[in-house]
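Chemist: Sequence plus predicted model, see below.
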Amino acid sequence: MASKWWQQSVFYQIYPRSFQDSNNDGIGDIKGITARLSYLEKLGIDAIWLSPVFASPNVDNGYDVSDYCAIMPEFGTMADMEELIATAKKAGIKIIMDLVVNHTSSEHPWFKKALAGDPHYKDYYIFRSDKNGLPNDLNSFFGGCAWEHLPATNEYYFHLFAKEQPDLNWENPAVRKEVWQIMNFWLQKGVGGFRLDVIELIGKIPDQKIIGDGPALHPYLQEMYREVLAGHDVVTIGETGSVTPLTAPLYTDPKRKELLMVFQFQHMALDEVAKTSKWNLKSLNVSELKTVLSRWQTDLPKEAWNSLFWSNHDQPRILSRWGNVADYPTKSSKMLAILLHLMRGTPFIYQGEELGMTNQYVDKISQLDDIESIHYYEEEKAKGSSEATIWQAINTKGRDNARTPMQWSNVPNAGFTGENVTPWYNLNPNYTTINAQTRLDDPESIFYTYQKLIQLRKNYPLIVWGDYDLLDTAENIFAYTRSYEGETWLICANFSDSKQAVSLPYAATETIITNYPHTYHHLNQLNLLPYETFVVKLA
């Protein structure tokens, strides 16, 4: 099969506020991204998923959009954005916009006109009379009721996130037409596609308490394809929290003409008690991780496509989650990289992941920026939960963990902004040792492991197209094979901080990549060191 460009590519997510500040105001910006393209070119990535840079009041860090065709002033100008797209294109890098169209900001002109009583724009949102009291008991994902009361007009409006993020009424064809116009605006600017934020929610029917995967969801996506995407060689990636390998083809089977990839989160929820809040924690289990990731490799039909990721702007740092920061930071971060990037699907790297950046410990509400964590803290305090329980959850799952500024060097403020400037959010103190300059200067660093993994994907169709088989091993050993056109590779990882005896009935002819200075031949008597990981070609 001939690869589409997005199947053979590796994507890199940038959270603009935290990537690089070019004008010393403490906030990352578009010119800062342009200035760092040579770094990304050296890494080898093919596309940048850019978290929102649209005009926004920043209640939810840009995921509350007030103008989809304008740039947030603190990020720069439209001319800066056009320069980024053009400069990235010269470097062989596509820009993927993060499109937030389940909801807008309450500061969007559409919503302001709706509040002023304009019937045309009122139907852009979901309003209900308060005649019979609260419409129902649906709650916001950020805590509290999903219905905001407007006493002046005797109404409620619906918001699945913050009250400053009113949900759009996708049942209204005029709303869908507005979205198609926004997408065409950015396609004309030359972007390489869209990541569609919480897209599974657009088919909601709040009156029936249907939130995700509503009956009109797929017809809406098919209309999007017909009206906007057909004829464009661009990628579309849907954020779909409840998707499974069985339902993913409804989005991604090419015959259905909807999206090309989805983000699934089953492996991200393994430290959560099922069917409860994301903050209700349980211990991580390697067997469960093997099961979930392997299902996405084997149960997803080949005509559909998979995305691969460990981290993003909504998730804590993967090294702090599944690795060993204290004793084996380099070995365990390389293990996580190798394990994921050898699977079938398109990998996504979150900024700083290639440096081994970690979570930052906090224990005061003044140290929080994320609206979700702040709401959680306030609600739990009101319930009488202990400070220890609250902070354990926030330090484990809070979104601020991923949003600390990028660590470029060991100078004050890590090269993210000027040395005498106050960054918009606190830097992780470990930037003095964990930073891009240190990693680039060390030929054995995690950066060069990511660089090699990206190059391997470009060089070997087996990584893109090969069959996947999970091997039956001890719990802490994650081993699988990839096979394609008569060639088989074995990927084996010790997911623990202790030595593990492993016996595999194979012989190796070539060592492809490893995180220890070992070569591998006979695999029936291995004693793997902590987090030891290798990829070999089998005889």
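Modeler: Looks like it arrived, so ask away. Numbering: from 1, shown residues only.
Chemist: W49: what secondary structure?
Modeler: strand (DSSP: H, G, I helix; E, B strand; the rest coil).
Chemist: surely it meets Y15?
Modeler: No. Applying Cβ atoms under 8 Å as the test, W49 and Y15 come out as separate, 9.8 Å apart. The way it works is simple: take the backbone N, C-alpha and C, and place the C-beta from them, glycine included.
Chemist: Look up which helix or strand G241 falls in, please.
Modeler: G241 belongs to no helix or strand when assigned by DSSP states H and E.
Chemist: residues near it, how many?
Modeler: G241: 17 surrounding residues under other Cβ atoms under 10 Å.
Chemist: ok, and the closest non-adjacent residue to it?
Modeler: Leaving aside its sequence neighbours, G241 sits nearest to F265 (Cβ to Cβ, 6 or more residues apart in numbering; 5.3 Å).
Chemist: Which helix or strand contains the one you found?
Modeler: Using DSSP H and E, F265 sits within no helix or strand.
Chemist: Give me the neighbour count for it.
Modeler: Counted with other Cβ under 10 Å, the neighbours of F265 add up to 19.
Chemist: my guess is it meets D271, correct?
Modeler: No. If you go by Cβ under 8 Å, F265 and D271 don't touch, sitting 11.9 Å apart.
Chemist: what's the pLDDT at the most centrally placed residue in the chain?
Modeler: Residue closest to the average C-alpha location in the chain (Cα atoms, centre = their mean): N312, at 3.4 Å. On the pLDDT scale, N312 is placed at 96.
Chemist: gap between it and E288?
Modeler: As for N312, its distance to E288 is 20 Å (criterion: Cβ to Cβ, to the nearest Å).
Chemist: And P16, by the same measure?
Modeler: From P16 to E288 the distance is 34 Å (Cβ to Cβ).
Chemist: got it, and K537?
Modeler: Between K537 and E288 the computed distance is 29 Å (Cβ to Cβ).
Chemist: show me where the stretch 301-450 of the chain has strands.
Modeler: Along the stretch 301-450 of the chain, the segments classed as strands by DSSP state E, counting those that start in this stretch run 307-309, 346-350.
Chemist: Which of those strands sits closest to S333?
Modeler: Shortest separation from S333 across those is recorded for strand 346-350, at 11.8 Å, computed as Cβ to Cβ.
Chemist: what's the nearest residue to L368 if we skip its chain neighbours?
Modeler: I374 (5.2 Å).
Chemist: Apologies, that question was intended for S373.
Modeler: The nearest residue in space to S373 (Cβ to Cβ, 6+ apart) is G398, at 4.4 Å.
Chemist: Which stretches in the stretch 101-250 of the chain count as strands?
Modeler: 127-129, 147-150, 155-158, 193-196, 235-239.
Chemist: Okay, Y12 and K31: tell me how far apart.
Modeler: Taking Cβ to Cβ as the measure, Y12 and K31 are separated by 18 Å.
Chemist: Looking at the two, which has the bigger crowd around it?
Modeler: Y12 (25 against 19).
Chemist: The more buried one touches L40, doesn't it?
Modeler: Yes. With contacts counted by Cβ under 8 Å, Y12 reaches L40, the gap being 6.1 Å.
Chemist: what is in contact with those two at once?
Modeler: Taking Cβ atoms under 8 Å, 6 or more residues apart in numbering as the contact rule, the neighbours common to Y12 and L40 are I48.
Chemist: Pull the number of nearby residues for the closest residue to P135 other than its chain neighbours.
Modeler: Excluding its sequence neighbours, the residue lying closest to P135 (Cβ to Cβ, 6+ apart) is R128, at 4.6 Å. R128: 16 surrounding residues under other Cβ under 10 Å.
Chemist: Quick check: beta-bridge partners of R128?
Modeler: Counting by DSSP bridges, R128 is bridged to Y156.
Chemist: residues contacting it?
Modeler: R128 makes contact with P135, W147, E155, Y156, Y157, F158, D207, according to Cβ under 8 Å, 6+ apart.
Chemist: Looking at those, spot the one nearest G117.
Modeler: The closest of these to G117 turns out to be E155 (Cβ to Cβ; 10.6 Å).
Chemist: give me every residue that touches the residue lying closest to that closest one once chain neighbours are set aside.
Modeler: Distances taken as Cβ to Cβ, 6+ apart place F127 nearest to E155, at 5.1 Å, with adjacent residues excluded. Going by Cβ under 8 Å, 6+ apart, F127 touches A114, E155, Y156, Y157, F158.
Chemist: Serialize those to a markdown table and add fields for distance to A79.
Modeler: Shown next, in a markdown table, are the contacts of F127 (distance: Cβ to Cβ, whole Å):
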| residue | distance to A79 |
| --- | --- |
| A114 | 32 |
| E155 | 41 |
| Y156 | 41 |
| Y157 | 36 |
| F158 | 37 |
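Chemist: how about the helices of the stretch 201-350 of the chain, start to end?
Modeler: For the stretch 201-350 of the chain, helices defined by DSSP state H, counting those that start in this stretch occupy the ranges 217-224, 248-252, 286-298, 318-322, 329-341.
Chemist: Mean neighbour count, mean pLDDT and distance to E74 added to the ones you listed, as JSON lines?
Modeler: Formatted as JSON lines, the helices of the stretch 201-350 of the chain follow (neighbours: other Cβ atoms under 10 Å; pLDDT from 0 to 100; distance: least, Cβ to Cβ, whole Å):
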{"stretch": "helix 217-224", "mean neighbour count": "18", "mean pLDDT": "98", "distance to E74": "30"}
{"stretch": "helix 248-252", "mean neighbour count": "22", "mean pLDDT": "96", "distance to E74": "34"}
{"stretch": "helix 286-298", "mean neighbour count": "17", "mean pLDDT": "97", "distance to E74": "38"}
{"stretch": "helix 318-322", "mean neighbour count": "22", "mean pLDDT": "96", "distance to E74": "29"}
{"stretch": "helix 329-341", "mean neighbour count": "24", "mean pLDDT": "98", "distance to E74": "32"}
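Chemist: Any chance of those helices in JSON lines with distance to Q437 as columns?
Modeler: JSON lines is the format used below for the helices of the stretch 201-350 of the chain (distance: least, Cβ to Cβ, whole Å):
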{"stretch": "helix 217-224", "distance to Q437": "43"}
{"stretch": "helix 248-252", "distance to Q437": "39"}
{"stretch": "helix 286-298", "distance to Q437": "33"}
{"stretch": "helix 318-322", "distance to Q437": "19"}
{"stretch": "helix 329-341", "distance to Q437": "16"}
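Chemist: Out of these, which is closest to Q360?
Modeler: Nearest to Q360 among the helices of the stretch 201-350 of the chain is helix 318-322; the distance by Cβ to Cβ comes to 9.1 Å.
Chemist: pretty sure D233 contacts W5?
Modeler: Yes. Applying Cβ under 8 Å, one finds D233 in contact with W5, separated by 7.4 Å.
Chemist: of these two, who's got more company?
Modeler: For D233 versus W5, the count of surrounding residues by other Cβ under 10 Å is larger for W5: 13 against 10.
Chemist: what's the burial count for the closest residue to G214 other than its chain neighbours?
Modeler: Spatial nearest neighbour of G214, excluding adjacent residues (Cβ to Cβ, 6+ apart): G203 at 2.9 Å. G203 has 21 neighbours, counted by other Cβ under 10 Å.
Chemist: Which secondary structure element is home to L462?
Modeler: helix 461-465.
Chemist: so what secondary structure elements neighbour that helix?
Modeler: Counting contacts by 3 or more Cβ pairs under 8 Å, 6 or more residues apart in numbering; DSSP states H and E, helix 461-465 packs against helix 446-459, strand 477-484.
Chemist: now for the first one, which elements pack on it?
Modeler: Judged by 3+ Cβ pairs under 8 Å, 6+ apart, helix 446-459 is in contact with helix 37-43, helix 329-341, strand 346-350, helix 436-441, helix 461-465, strand 508-514.
Chemist: one more time with 6 Å
Modeler: With contacts defined as 3 or more Cβ pairs under 6 Å, 6 or more residues apart in numbering; DSSP states H and E, the packing partners of helix 446-459 are helix 329-341.
Chemist: now the helix it packs on and helix 286-298, what's the angle there?
Modeler: Helix 329-341 runs at 30 degrees relative to helix 286-298, counting by axes from the mean of the first three to the mean of the last three Cα atoms, to 10 degrees.
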